[in-house]
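1. Structure, please.
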Amino acid sequence: MSPVKGDSPFIPSPEEYAKAALRCIGYEARCVPYWRHSVQWFLASLVPDAALNQWRLQIGIRKRNETNKALAGVKKVLG
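-> Residues are numbered from 1 along each chain as shown. Prediction:
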């Protein structure tokens, strides 16, 4: 489910997440089923939208740069 390896308090097993998701379907417009994700959502809701948007933009730019570097390496290997 997640490409992140190892134990993390914020990454549930697929079974845990599926059970939690099924319990909240149909109750609210937004579903944050896993309790640890609810904590993250609450903390994020305290941050101004402009700051969150800037942070998300930086993550997107970083991921795009990493992808471009990886693709350049593959192209170099393949000739």
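2. Looking at this structure, which helix is longest?
-> helix 49-78 (DSSP state H).
3. and that helix, which residues are buried?
-> By 16 or more other Cβ atoms under 10 Å, helix 49-78 has no buried positions at all. To be clear about C-beta, it is placed using only N, CA and C from the backbone, and glycine gets the same treatment.
4. That helix - contacts with which helices or strands?
-> For helix 49-78, there is no helix or strand it packs on, judged by 3 or more Cβ pairs under 8 Å, 6 or more residues apart in numbering; DSSP states H and E.
5. okay, now the domains of this protein?
-> Domains of the chain are assigned by automatic domain parsing as 10-46, 48-79.
6. wait, doesn't P33 sit right on A21?
-> Yes - at 4.3 Å, P33 and A21 qualify as touching, with contact defined as Cβ atoms under 8 Å.
7. Compare the two (neighbour count), which wins?
-> More crowded of P33 and A21, by other Cβ atoms under 10 Å: P33, with 18 against 14.
8. got the contact list for the more buried one?
-> In this structure, P33 makes contact with 17, 20-24, judged by Cβ atoms under 8 Å, 6 or more residues apart in numbering.
9. Let's see if you can find the most crowded of these.
-> Tallying neighbours with other Cβ under 10 Å puts A20 at the head of the contacts of P33, with 18 neighbours.
10. Distance of that one relative to P12?
-> Distance, A20 to P12, by Cβ to Cβ, to the nearest Å: 7 Å.
11. which residues do those two both contact?
-> Residues touching both A20 and P12 (Cβ under 8 Å, 6+ apart) are Y34.
12. quick one: pLDDT of Y34?
-> With respect to pLDDT, Y34 scores 84.
13. That one and A20 touch, don't they?
-> Yes - at 4.8 Å, Y34 and A20 qualify as touching, with contact defined as Cβ under 8 Å.
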